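everything below, folded, please.
(chains A and B)
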Amino acid sequence: MAEKSIAEQKEEFSYSYYRTIEQFDKDKKWSDCHNDMIYTFSSVISKWDCKDIIHGVAAQWETPTIRDNGKDIYDPEVRKCQMKFCDQAKVPYGRVITRCMEKVAPEMGIDVGPHTDIDMQLTKYEPGDFHSWHIDEEIDFKKWNEEHENWDPEYGNKIRKITGILQLSDPTSYEGGDLMLKSNAVISHKQGDLIVFPSFLEHQVAKVTGGTRFSLVLWHKGPRWK
Amino acid sequence: MEINCYNNMIYTFTNVISESDCNDIIHGIEQQWREPAVGSKQEYDPNIRQGKIKFPDPSKVPHGRVATKCIERVAAEMDVDVGDPLKDIDIQLTKYGPGDFYTWHADANLRFDTKIIRKLSGVLQLSNPTSYEGGELQIKSNAVISHKQGDLTVFPSCLEHQVTKVTSGTRFSLVLWYKGPRWR
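All right, here's what the predicted structure looks like:
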């Protein structure tokens, strides 16, 4: 049998294969490590779709900041890489990726409020880049008021509740750069896989020693912990 | 009684009960002292915790209702999901003699996998701080924790805290937990 052309393979495996979100919902299941609240969706998008995302986000690369005592600072000892904040509506296949996040929130028992609000960031780790152990949102019980920069009339505090990391690079194209979580769960590095976990779980990206690793990071925001 | 609050999460109630009330609690609980259990398996581990405890019926703890009222108030102010105050508050009397301690731990972390977990923890200082050395309650934050006899500190159970090693004397404290559905 003749090998399929790239175009044919793409047609078969690309998101466009899922004509509708309903079809995607029916087909796309997660595997989980329930005790640690870590969920993995395998092959959410194809390797071609991954390339579309890497090249399809128009914003400029920026230096990342970290949160330190309530301030955003750049600290290359803690985090070194490049990133772009993305407009969710403009990220290729953004809808399927957010759909995974939406599906898993009730399963985790985490309140993300009545409307989906997901931030997306494209990250690029080149040789020497890393992000040491951290949590995405400090556990904080402060109640914000109208003057706070992230105040939301419907939610009050709107904080990062669930984190998702979509692996965009072929794991053979880079060395190091492992996503690690404080858990015994095995974390997938497969291109097109999405790993979802609560934002309070400690994680890190090990130093990249060769090649370049891209990932799309998502945060599902919601009201403060109750 | 006065209330101080640090960052909406560590609440200190000063002079909740008097010195003689503290002694009523220390001497007024009948059970035998026993070894404390730690971790998800609830086993005794002297590398993690040393000391003695009693688990009384909360309704039989002298002046217990004053302390539980304080913890109820924190639950309301923090707006945290908790259970029924008459059924879901547990109380433990703890005794730390020389050499006793409890290393850094959280009473229940955010990702605890049971449905009902400890949501708020309270520590009522029962001993005069001049009667023992060491035995300091520390909570991972910049908050200053009171060691004054009769003072109660309430904080979310997911915050890490410890009791440093007692080097002399004996420190008694009454520990309270307000349980509720896991963090959502």
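
per-residue pLDDT, residue 51?
Went with chain A since none was named. For residue A:51, the model assigns a pLDDT of 93.

try again with chain B
In this model, residue B:51 is scored at 97, pLDDT.

and it, how far is that from residue B:105?
According to CB to CB, to the nearest Å, residue B:51 stands 13 Å off from residue B:105. Quick note: C-beta positions are derived from backbone N, CA and C, even for glycine.

so which bits of chain B are right by chain A?
Proximity of chain B to chain A (CB under 8 Å from any CB of the partner chain) is limited to residues B:7-9, B:78-81, B:110-111, B:113, B:156, B:158-159, B:182-184.

residue B:6 touches residue B:145, doesn't it?
No. The pair residue B:6 and residue B:145 fails to qualify as a contact (CB atoms under 8 Å) at a distance of 9.4 Å.

the bottom helix or strand of chain A by mean pLDDT?
When the helices and strands of chain A are scored by mean pLDDT, DSSP states H and E, helix A:6-13 comes last with a mean of 62.

quick one: low-confidence ranges for chain A?
With pLDDT under 70 as the threshold, chain A has low-confidence stretches at A:1-4, A:6-20, A:33-35.

after the lengthiest helix in chain A, heading C-terminal, what element do we hit next?
Ranked by residue count, the top helix of chain A under DSSP state H comes out as helix A:94-108. Of the helices and strands lying after helix A:94-108 in sequence (DSSP states H and E), the nearest is strand A:118-125.

quick one, helices of the chain?
Chain wasn't specified; assuming chain A. A:6-13, A:21-27, A:47-56, A:94-108.

could you do chain B instead?
If DSSP H is used as the criterion, the helices of chain B fall at B:19-27, B:64-78.

can you check which of these gets nearest to residue B:86?
Closest to residue B:86 of these, according to CB to CB: helix B:64-78, at 8.7 Å.

report the angle between the closest one and helix B:19-27.
Going by axes from the mean of the first three to the mean of the last three CA atoms, to 10 degrees, helix B:64-78 is angled at 100 degrees with respect to helix B:19-27.

pull out the buried residues from helix B:64-78.
Residues B:64, B:67, B:68, B:70, B:71, B:72, B:74, B:75, B:78 are the ones in helix B:64-78 that count as buried (16 or more other CB atoms under 10 Å in any protein chain shown).

turn those residues into CSV, columns for pLDDT.
Written out in CSV, the entries for those read as follows (pLDDT from 0 to 100):
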residue, pLDDT
B:64, 95
B:67, 97
B:68, 97
B:70, 97
B:71, 98
B:72, 97
B:74, 96
B:75, 96
B:78, 92
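
residue contacts, residue A:152?
If a contact means CB atoms under 8 Å, 6 or more residues apart in numbering or on different chains, then residue A:152 has residue A:158 as its contacts.

picking up where we left off before, wait, which of the buried residues of helix B:64-78 is closest to residue A:146?
Nearest member of those to residue A:146, counting by CB to CB, is residue B:78, at 19.7 Å.

near the closest residue to that closest one other than its chain neighbours, how many other residues are there?
Leaving out its chain neighbours, the residue that sits closest to residue B:78 by CB to CB, 6 or more residues apart in numbering or on different chains is residue A:141, at 5.6 Å. Using other CB atoms under 10 Å in any protein chain shown, the number of residues around residue A:141 comes to 20.

likewise for residue A:197?
One way to gauge burial is a neighbour count; for residue A:197, by other CB under 10 Å, it gives 27.

just checking, it touches residue A:37?
Yes. Between residue A:197 and residue A:37 there is a contact at 6.1 Å, judged by CB under 8 Å.

got the helices of chain B as TSV, with distance to residue B:1 columns?
Below are the helices of chain B laid out as TSV (distance: least, CB to CB, whole Å):
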stretch	distance to residue B:1
helix B:19-27	12
helix B:64-78	8
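
which of these sits closest to residue A:45?
Ranking the helices of chain B by their distance to residue A:45 (criterion: CB to CB) puts helix B:64-78 first, at 40.7 Å.

that closest one packs against which elements?
strand B:10-14, strand B:89-96, strand B:116-125, strand B:152-156, strand B:171-181 (3 or more CB pairs under 8 Å, 6 or more residues apart in numbering or on different chains; DSSP states H and E).

measure stretch A:198-217 end to end?
For stretch A:198-217, the separation between the terminal residues is 13 Å (CA to CA, to the nearest Å).

tell me the contacts of residue A:124?
Applying CB under 8 Å, 6+ apart to residue A:124 gives the contacts A:61, A:81, A:82, A:83, A:212, A:213, A:214.

now, of those, which are buried?
By 16+ other CB under 10 Å, the contacts of residue A:124 give A:81, A:82, A:83, A:212, A:213, A:214 as buried.

so the last one touches residue A:121, yeah?
Translated: residue A:214. No. Contact between residue A:214 and residue A:121 fails when scored by CB under 8 Å: they sit 11.2 Å apart.

any regions of chain B where pLDDT drops low?
Per-residue confidence for chain B (pLDDT under 70) gives no ranges below the cut-off.

80 instead, please
Across chain B, residues meeting the criterion (pLDDT under 80) sit at B:40, B:111-113.

what's near enough to touch residue B:51?
Contact analysis of residue B:51 by CB under 8 Å, 6+ apart lists B:36, B:94, B:95, B:96, B:97, B:100, B:101, B:102, B:163.

that older thread, pick out the most distant pair among the buried ones among the contacts of residue A:124.
The distance between the two most remote of the buried ones among the contacts of residue A:124 (CB to CB) is 13.2 Å, for A:83 and A:212.
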